[in-house]
Each structure stands twice: as structure tokens, then as C-alpha cells.
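J.: Build me a structure from this.
(one chain, ligands or ions: 2)
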Amino acid sequence: MADAFFSFFVLLPLILLPILYFIVRPRPVKIPIVNRHVFITGGSSGIGLALAHRAAADGARVSIMARSLTKLEEAKSSINHATGIEVAVFAADVRDYDAVKKAVDEAGPIDVLLLNHGVFSALELEKMELSEVKSTLDINLMGCFNMIKAALPAMKNRKNVLPASIAIVSSQAGQVGIYGYVAYSASKFGLRGLAEALQQEVIGDNIHVSLIFPPDTDTPGLVEENKKKPELTKIIASSSGFMKADEVAQKAFDGIRHGSFFISCNMEGIALSLATSGLSPQRSFLMAFVEVITAGILRIAALCFQWNWYGSIEKWHKQRNC
Ligand SMILES: NC(=O)C1=CN([C@@H]2O[C@H](COP(=O)(O)OP(=O)(O)OC[C@H]3O[C@@H](n4cnc5c(N)ncnc54)[C@H](OP(=O)(O)O)[C@@H]3O)[C@@H](O)[C@H]2O)C=CC1
Ligand SMILES: CCCCCCCCCCCCCCCC(=O)[C@@H](N)CO
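T.: Residues are numbered from 1 along each chain as shown. Ligands and ions are numbered 1, 2, ... in the order given. Modelled structure (predicted):
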């Protein structure tokens, strides 16, 4: 018994930690925010607006982009009021590559590209029009491609030698599929593939990719979504907590500064990121250690969540049939 205890708590860390210290890739990095140009899509509302406030308060030069110029102007004056900083606003739809390119060129070389724009409405696929599926994918996924294609050349040619960042707002529904989020989860899972592959392509230019995974967050978008959310979506999504937009923004910038590939926002999010770490890059040897040590037990926890969720689905079907 004492031997097993010694092996697990002393020997294993002693052997594993130095190995992980040498092998984790990409290497750790520090990305400064002060005096850098932070460009935020969807910066006029909710999480994006909180990110813009945070960036301005942290001393960045901030640009925000969204479709509605009225909402952008409101955001601009609220940030100016709070921080005294003048943000640049750009009205463009992320689906329109030419408009995006024009905005990005006008804004000037970007140091931190924060892709936060997004649309969501929870609905069973059966009740959803294909046009809505397509626009969810076009905005959430293709919109990120358009932005990155437009911004990357100038980001690569930036004059300063400091590390740069491309940070993408996904969702916990981009780590696990959830009832009612068929289109939305697909769009957010797609972002993980994009981010993993892109990190390998841009590491040579000292550009670091992050994926941010918020739980339900108090925003105008969520208020709209809640008006017609299926009961089962509510039940399953309540497995994770609820956050305020400025708390998510704080977590996001903490992660971006460390170049973290996965940025979790709450405790459930940390468990989700550990459970779904798979072949994702990991810079921190300590986090890599936690991933290795918790893998088995988290798989059991994940199976318990599935047991619970499928139980809720079964119960709901039974009630409906009575
Ligand atoms: N709130 C939540 O519970 C969670 C949200 N997320 C993600 O966080 C991000 C922000 O969400 P949230 O703050 O709640 O959303 P909001 O609806 O409050 O804000 C969305 C922002 O995106 C902009 N936007 C939407 N469509 C486009 C488009 N086609 N082109 C350019 N800009 C666009 C909106 O401006 P406009 O309409 O004027 O274009 C607005 O600024 C999304 O990616 C969402 O998926 C992730 C997890 C949880
Ligand atoms: C093994 C450990 C597991 C840990 C717990 C798992 C909890 C999963 C909950 C997922 C919640 C999804 C919220 C989506 C929010 C969002 O994006 C929307 N508000 C926008 O539509």
C-alpha cells in the first residue's frame, strides 16, 4: 500500500514532469497587450463588447467590427466613457470577404485578432430551416476564415518582433455536442480543426492561436436565444455554470497573454478541456501533467454526464408520450 502510494505520488511525478517539461510544444510564450493593436469582431455587444472594454482598460489600441454601425457607435462611446480611449469602428459582415478585407486594411496591422462574432439559436434540426444551418456555418465558421485570410498577410509582416495572437471564441458546445445545437456545435467544432491546423502554419511567424470556450454567458444574444430554447437544451446546458461577459473577457485575456491553446472560463470548462484535450497543443508542462494523470477518471466522469443526459432525454420522451 505504502509502495503504491510512493509510486503514484512521488515516483510518477518525478519521472513524468521532467519529460513533459522537455517535450511540450509549442514552447511557452508571453504575449503583451499594452500598446498592441487588438481587433475584435462582434465587438459591439455581449462578450465582444466586454473584450473591447478589457483591451482598452489594459492599454491596447482597439478596433471593433460588426454589422450595425449604430451598435458600434454606442459601444465606442461606452468604452470612451469608461476608459477615455477612442476605439476605431468598422461596419462589415464577416460573410463578405471584400468588406472584411477593406476594414482590416483600413485598421492597419493587427497584433491580437480576436474572432468573437457569432450567431446562435437552439433548435432541433428537424425544426430548423437549412438556410439557418447554412447561415450559422457561414457566419461562425466561414466568417473566421474570411477574417484570418484578410488579416494574416499584414500580421506576418508586422514590424515589431513581439509575439502576435489569433484568438477565436468557440463555446463549451464546441467541445461537446448538445441537444438543440446541431448547427451551432458543428460550426464551433469546425473552429477547433481550423485552430489546430492554423497553429502549425503560423508558429514560424511567432503567431499563437487560442480557442476560448465560454459556458452560457449573460449577453443580449443569450437573452434572445433563451426566448425559444428547447427544454432539453436548457437541462443539458445547465450542467455547466453561467457567467458574466466581463468575467469571460478577463479569462480570455489571461489565456491570450499566456498563448494558451485552450482557454477555459469556469471549473466545468477546465474539466471539459482536460477531457477533450486529445491531440491539441499544450505549452504548459504542468497542465500536460494534469491531463495525463486525470485522463482515466475524466473519461468515467464524461460517461456519467452522458448517462445523466440520456436519462433526461428518455424522461422527457416518456412525459411527452403520456
Ligand atoms: N452568450 C453565450 O452564452 C455564449 C456565447 N458564445 C460565443 O460568444 C460569441 C459572442 O456571443 P454573444 O456576446 O453572446 O453574442 P451577441 O449576440 O450579444 O453579440 C454578437 C456580436 O457579433 C456580431 N455579429 C453577428 N453576426 C455578425 C456578422 N455576420 N458579421 C459581423 N458581426 C456579426 C454582432 O453585431 P451585429 O449583429 O451588429 O453584426 C454582435 O456584435 C459568439 O461567437 C458566441 O457563439 C460562446 C459561449 C456562450
Ligand atoms: C468530463 C467533465 C464534463 C464537464 C461538464 C460538461 C458540461 C457541458 C455543458 C455544456 C454547456 C454548453 C453551453 C453552450 C453555451 C453557448 O454557446 C450558448 N449560450 C450559445 O448558444
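J.: and the closest residue to residue 62 other than its chain neighbours, how far is that from residue 282?
T.: Among residues not flanking residue 62 along the chain, residue 87 sits closest, at 4.3 Å (Cβ to Cβ, 6 or more residues apart in numbering). To be clear about C-beta, it is placed using only N, CA and C from the backbone, and glycine gets the same treatment. To residue 282, residue 87 is 34 Å away according to Cβ to Cβ, to the nearest Å.
J.: Which one's more surrounded, the two?
T.: Neighbour count, other Cβ atoms under 10 Å: between residue 87 and residue 282, residue 87 has more, with 24 against 21.
J.: Please report phi then psi for that one.
T.: Phi and psi for residue 87, reported as degrees, to the nearest 10, are phi -90, psi 150.
J.: For it, list the residues it contacts.
T.: 43, 52, 56, 62-64, 75-76, 79-80 (Cβ atoms under 8 Å, 6 or more residues apart in numbering).
J.: What parts of this structure come near ligand 2?
T.: 120, 122, 171-173, 176, 178, 184, 215-216, 222, 225, 237, 239-240, 268, 271-272, 275, 298, 301-302, 305 (Cβ under 6 Å from any ligand atom).
J.: buried subset of the residues you listed?
T.: 120, 122, 171-173, 176, 178, 184, 215-216, 222, 225, 237, 239-240, 271-272, 275, 298, 305 (16 or more other Cβ atoms under 10 Å).
J.: ok, and the spatially most central residue of the chain, which helix or strand is that part of?
T.: Central residue of the chain (Cα atoms, centre = their mean): residue 212, 2.2 Å from the mean position. With secondary structure defined by DSSP states H and E, residue 212 is part of strand 207-213.
J.: The next helix or strand after that strand: how far from the chain's middle?
T.: The C-terminal neighbour of strand 207-213 among helices and strands, as given by DSSP H and E, is strand 216-218. Distance of strand 216-218 from its chain centroid, counting by Cα atoms, centre = their mean, to the nearest Å, is 13 Å.
J.: ok so, going back, now narrow the buried ones among the residues of the chain next to ligand 2 to whatever sits close to ligand 1.
T.: When those are checked against ligand 1 using Cβ under 6 Å from any ligand atom, the ones in range are 120, 171, 216, 222.
J.: ranges for the strands of the protein?
T.: Counting by DSSP state E, the chain has strands at residues 37-41, 61-66, 88-91, 112-115, 164-169, 207-213, 216-218, 242-244, 262-264.
J.: Make CSV out of these and add mean pLDDT.
T.: CSV is the format used below for the strands of the chain (pLDDT from 0 to 100):
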stretch, mean pLDDT
strand 37-41, 99
strand 61-66, 98
strand 88-91, 98
strand 112-115, 98
strand 164-169, 99
strand 207-213, 98
strand 216-218, 98
strand 242-244, 98
strand 262-264, 98
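J.: could I get those strands as JSON lines with distance to residue 318?
T.: As requested, the strands of the chain are exported to JSON lines (distance: least, Cβ to Cβ, whole Å):
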{"stretch": "strand 37-41", "distance to residue 318": "43"}
{"stretch": "strand 61-66", "distance to residue 318": "44"}
{"stretch": "strand 88-91", "distance to residue 318": "50"}
{"stretch": "strand 112-115", "distance to residue 318": "42"}
{"stretch": "strand 164-169", "distance to residue 318": "37"}
{"stretch": "strand 207-213", "distance to residue 318": "33"}
{"stretch": "strand 216-218", "distance to residue 318": "27"}
{"stretch": "strand 242-244", "distance to residue 318": "28"}
{"stretch": "strand 262-264", "distance to residue 318": "35"}
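J.: Quick check: the gap between the residue nearest to residue 16 when sequence neighbours are not counted and residue 281.
T.: Nearest residue to residue 16, sequence neighbours excluded (Cβ to Cβ, 6+ apart): residue 289, at 6.1 Å. Using Cβ to Cβ, residue 289 is found at 15 Å from residue 281.
J.: Repeat that for residue 47.
T.: Counting by Cβ to Cβ, the gap from residue 47 to residue 281 is 24 Å.
J.: Looking at these two, which is more packed in?
T.: residue 47 (29 against 19).
J.: who's in contact with the more buried one?
T.: Neighbouring residues of residue 47 by Cβ under 8 Å, 6+ apart: 116, 169, 214, 217, 219, 245, 248-249.
J.: Next, count neighbours for the closest residue to it other than its chain neighbours.
T.: The shortest distance from residue 47 to any non-neighbouring residue, by Cβ to Cβ, 6+ apart, is to residue 245 (5.0 Å). Other residues near residue 245 come to 23 when the count uses other Cβ under 10 Å.
J.: Residue 245 is in contact with residue 46, isn't it?
T.: Yes. Look at residue 245 against residue 46 with Cβ atoms under 8 Å: they come within range, at 5.5 Å.
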